[in-house]
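Undergrad: Next input, structure requested:
(one chain, ligands or ions: 1)
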Amino acid sequence: MSAERGQGGRPGGQGGRSGGQGGGQGGRSGGPGQSGGQRSGSGQGGRQHGGSGQGGARGASGQGGQGGQRGGSGQGGQRGASGQDGRRGGPGQGGEHRDAAGRQRPASRQGPRERTAAAPSARRRSSDPARTAAFDVLRTVADSDAYANLVLPPLLRERGIRGRDAGFATELAYGTLRLQGRYDAILSQCTGRPLEQVDPPVLDALRLGAHQLLGMRVPPHAAVSETVGLVREQVGAGPAQFVNAVLRAVSREPLEVWLDRIGDAADPGGSDAVARLSAVDSHPAWVTRALREALVGHGRDAAELGDLLAADNEAPRVSLVARPGLADRDDLLAAAGPDATPGRWAPTAVTLAGGGDPAGLPAVRAGTAGVQDEGSQLVALALADAPLDGSDARWLDLCAGPGGKAALLAALAGERGARLVANEVQPHRARLVRQAVAAAPEGAVEDVRVGDGREVGDAEPGGYDRVLLDAPCTGLGALRRRPESRWRRTPSDLAQLTALQRDLLGSALRAVRVGGVVAYVTCSPVLAETRLAVVDATRAARKAGLEVEVLDAPSVLHGIAPGLDLPEREDAQLWPHAHGTDAMHLTLLRRTA
Ligand SMILES: C[S@@+](CC[C@H](N)C(=O)[O-])C[C@H]1O[C@@H](n2cnc3c(N)ncnc32)[C@H](O)[C@@H]1O
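TA: Numbering: from 1, shown residues only. A predicted model of the protein is given here:
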């Protein structure tokens, strides 16, 4: 590990807790758009203000690069490259094929390509392995629409990157992705040209450098030189010089100054708080607006918006669930080590202090415990605790993949002598559900099925006593867990998902018996996916002859977590900034006729 990382190996700044989150917490949201979510890429909603009038000129020309040379980034590149490492760039001089801004030269002027086409895992790596891993994750996320939290852990394993280096790589990759909008706004004031004109690998390297400088408190000389070395190795010497110039410009001001600058650039009139917060706290403007509406619509203060966005930029602590009847919470706590603490809310939860590797715990390996956000635990526990008259024998998880809540429900059902049916439309996710419930008590899982949840209500009307609909949603309540997802989601995903959510809730209401309970859950607080979805679906159900009442979800949650601070309303909305959980929504509905 490089000595200059400093900070006691705990990357500080924005996301000091770096440990990888287990897949079990990250596998949410699903539904249309999950695998096909389009990227908005580096565009970030037009926050690239050219930069030539502001920091651009300063950034690109004022710092003199490595060898004291002046001039724009397009000029200093060649000289700087030779001054640094003796590998002179430029056509005919060793195969440099990109200009100083990282743009590829026309094919006719190119010699043999320096940048290898080999898979990231097969490339020669002599630059810092942790930084190279973070770079490769960003490239894979960009090129393959991959999920960072699925790409990084195997890559670290494959390359033998462990311990503090793994923590550094994790914070570098995830933190950079979360704060990409902020860094793009800053970089656009230093590049002297729109970011769209910067070659994507070079732009990713600049983002990584910016995060080291402004988000991780890596000493500037190390942040700049290591990033320059990475670019030289992965892209070429000319772009390396450009990166050197830009990152030196970034390093000249502290974060606070940059935040003021990008805030002012986004909101020159001082009257558009959403635009300012979006730039400063790195969220697409439409997401910021939707979250603001959600705060107000769920009975909180719009002034909390900044805290909410900041919480989205923090690495969440890892939460474990001790599945009742299968694992004891105190035993899990002891096994998790001296820094682990009981969860803040759920009686089943254990919170890990640092990164740690929860997958290594015997209970997690055995499936008697798992990695699960506390908010997810609370909503599953609430469904099981919701008051019910009569039979309590058959439960349904209508959209169960990958199975975190199904595993908790199966454990609870097992304790009570009930049986769970888990349904999931995607076969590969249904397989994950089967794995997740494998440790459930004998007889607690009636079936794990592949099927469209919209059809279950008509296929088995009134067939269940308790139904969980953990609906496919935008996942805008779990942005801290999916570092890249805020840049992928689009308003059109929302339109598609809200129609599906209403249909699925109609099906859930048909599938539950009269007197039975449905928990409508999302990991999004967005009003169209929560309160409005419930209003629309219950109205449609009434038209079809069903009667439904809304139960007091906060009082059921208070029975589980007495100190939980929730506004007085029928449904319940959790928040990362207020509760430390994902922004889970819960409405409890009872069929009355
Ligand atoms: C939010 S996730 C559920 C997470 C799960 N409850 C857990 O805790 O692991 C939503 C799931 O719904 C599934 N899904 C989407 N459309 C569906 C449909 N029409 N019928 C059933 N499942 C569907 C997705 O594939 C995804 O696995």
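Undergrad: show me where the protein has strands.
TA: 319-322, 341-342, 349-351, 369-371, 394-397, 419-424, 445-450, 464-470, 512-522, 548-550, 572-573, 585-591 (DSSP state E).
Undergrad: got JSON lines for those strands, with mean neighbour count and distance to the ligand too?
TA: C-beta: built from backbone N, CA, C; applies to glycine. Listed next are the strands of the chain as JSON lines, based on neighbours: other CB atoms under 10 Å; distance: least, CB to the nearest ligand atom, whole Å:
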{"stretch": "strand 319-322", "mean neighbour count": "31", "distance to the ligand": "11"}
{"stretch": "strand 341-342", "mean neighbour count": "14", "distance to the ligand": "22"}
{"stretch": "strand 349-351", "mean neighbour count": "25", "distance to the ligand": "15"}
{"stretch": "strand 369-371", "mean neighbour count": "26", "distance to the ligand": "10"}
{"stretch": "strand 394-397", "mean neighbour count": "27", "distance to the ligand": "6"}
{"stretch": "strand 419-424", "mean neighbour count": "24", "distance to the ligand": "5"}
{"stretch": "strand 445-450", "mean neighbour count": "17", "distance to the ligand": "9"}
{"stretch": "strand 464-470", "mean neighbour count": "27", "distance to the ligand": "3"}
{"stretch": "strand 512-522", "mean neighbour count": "24", "distance to the ligand": "7"}
{"stretch": "strand 548-550", "mean neighbour count": "16", "distance to the ligand": "20"}
{"stretch": "strand 572-573", "mean neighbour count": "27", "distance to the ligand": "16"}
{"stretch": "strand 585-591", "mean neighbour count": "26", "distance to the ligand": "11"}
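Undergrad: how about the ones you listed, which one is nearest Ala166?
TA: Closest to Ala166 of the strands of the chain is strand 369-371 (CB to CB; 16.7 Å).
Undergrad: neighbouring strands for the closest one, and are they parallel or not?
TA: Using DSSP bridges, strand 369-371 pairs in its sheet with strand 319-322 (antiparallel).
Undergrad: Quick one: mean pLDDT over the strand it pairs with.
TA: Across strand 319-322, pLDDT averages out at 98.
Undergrad: Next: stretch 194-212.
TA: 98.
Undergrad: Next: stretch 349-358.
TA: Stretch 349-358 comes out at a mean pLDDT of 82.
Undergrad: tell me how far the ends of it are from each other?
TA: Using CA to CA, to the nearest Å, the end-to-end distance of stretch 349-358 comes to 13 Å.
Undergrad: same deal with stretch 276-287?
TA: 13 Å.
Undergrad: what does that stretch rub up against?
TA: Residues external to stretch 276-287 that are found in contact with it (CB atoms under 8 Å, 6 or more residues apart in numbering): 40, 44-45, 47, 178-183, 185, 259, 262-263, 265-267, 274-275, 288, 291, 305-306, 309-310, 312-313, 476, 479, 486-487, 489, 491.
Undergrad: Quick one: buried ones out of these?
TA: Buried subset of the contacts of stretch 276-287 (neighbour count, 16 or more other CB atoms under 10 Å): 44-45, 47, 178-183, 185, 259, 262-263, 265-267, 274-275, 288, 291, 305, 309-310, 312-313, 476, 479, 486-487, 489.
Undergrad: now the strands of the chain in TSV, with distance to Val218?
TA: Below are the strands of the chain laid out as TSV (distance: least, CB to CB, whole Å):
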stretch	distance to Val218
strand 319-322	29
strand 341-342	29
strand 349-351	27
strand 369-371	29
strand 394-397	44
strand 419-424	43
strand 445-450	46
strand 464-470	39
strand 512-522	37
strand 548-550	51
strand 572-573	37
strand 585-591	38
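Undergrad: wait, which of those is closest to Ala169?
TA: That would be strand 369-371 among the strands of the chain, by CB to CB, at 19.5 Å.
Undergrad: circling back to that earlier point, mind checking which of the strands of the chain is nearest Arg159?
TA: Using CB to CB, the nearest of these to Arg159 is strand 369-371, at 22.8 Å.
Undergrad: Now do that closest one: distance to the chain's middle.
TA: 19 Å (CA atoms, centre = their mean, to the nearest Å).
Undergrad: what mean pLDDT would you report for that strand?
TA: 97.
Undergrad: surely Gly181 meets Trp487?
TA: Yes. Counting by CB atoms under 8 Å, Gly181 does reach Trp487; the two are 7.4 Å apart.
Undergrad: Just give the nearest non-adjacent residue to Gln435, would you?
TA: Gly403 (7.0 Å; CB to CB, 6 or more residues apart in numbering).
Undergrad: list the contacts for that neighbour?
TA: Ala422, Arg429, Leu432, Val433, Arg434, Gln435, Ala436, Val437.
Undergrad: Among those, which one sits closest to the ligand?
TA: Arg429 (4.4 Å; CB to the nearest ligand atom).
Undergrad: So what does the nearest residue in space to the closest one that is not next to it in sequence have for phi and psi?
TA: Distance criterion CB to CB, 6+ apart; nearest residue to Arg429, sequence neighbours excluded, is Gly401 at 2.7 Å. In terms of degrees, to the nearest 10, the main-chain angles of Gly401 are phi -70, psi 140.
Undergrad: Give me the neighbour count for Gly401.
TA: By other CB atoms under 10 Å, 27 other residues sit near Gly401.
Undergrad: Let me know the pLDDT of it.
TA: 97.
Undergrad: so it makes contact with Val433?
TA: Yes. At 5.5 Å, Gly401 counts as touching Val433 under the criterion of CB under 8 Å.
Undergrad: who touches both of these two?
TA: Glu424.
Undergrad: sorry, back to before: show me just the buried residues among the contacts of Gly403.
TA: Going by neighbour count (16+ other CB under 10 Å), those have Ala422, Arg429, Leu432, Val433, Ala436, Val437 buried.
Undergrad: Quickly check those residues for the two that are furthest apart.
TA: Using CB to CB, the two most remote members of the buried ones among the contacts of Gly403 are Arg429 and Val437, lying 12.9 Å apart.
Undergrad: thinking again about what came up before, among the contacts of Gly403, list the two that are farthest apart in space.
TA: Arg429 and Val437 (12.9 Å).
Undergrad: Tell me which stretches of the stretch 101-250 of the chain form helices.
TA: Counting by DSSP state H, counting those that start in this stretch, the stretch 101-250 of the chain has helices at residues 129-144, 148-158, 163-178, 180-187, 200-214, 220-234, 237-251.
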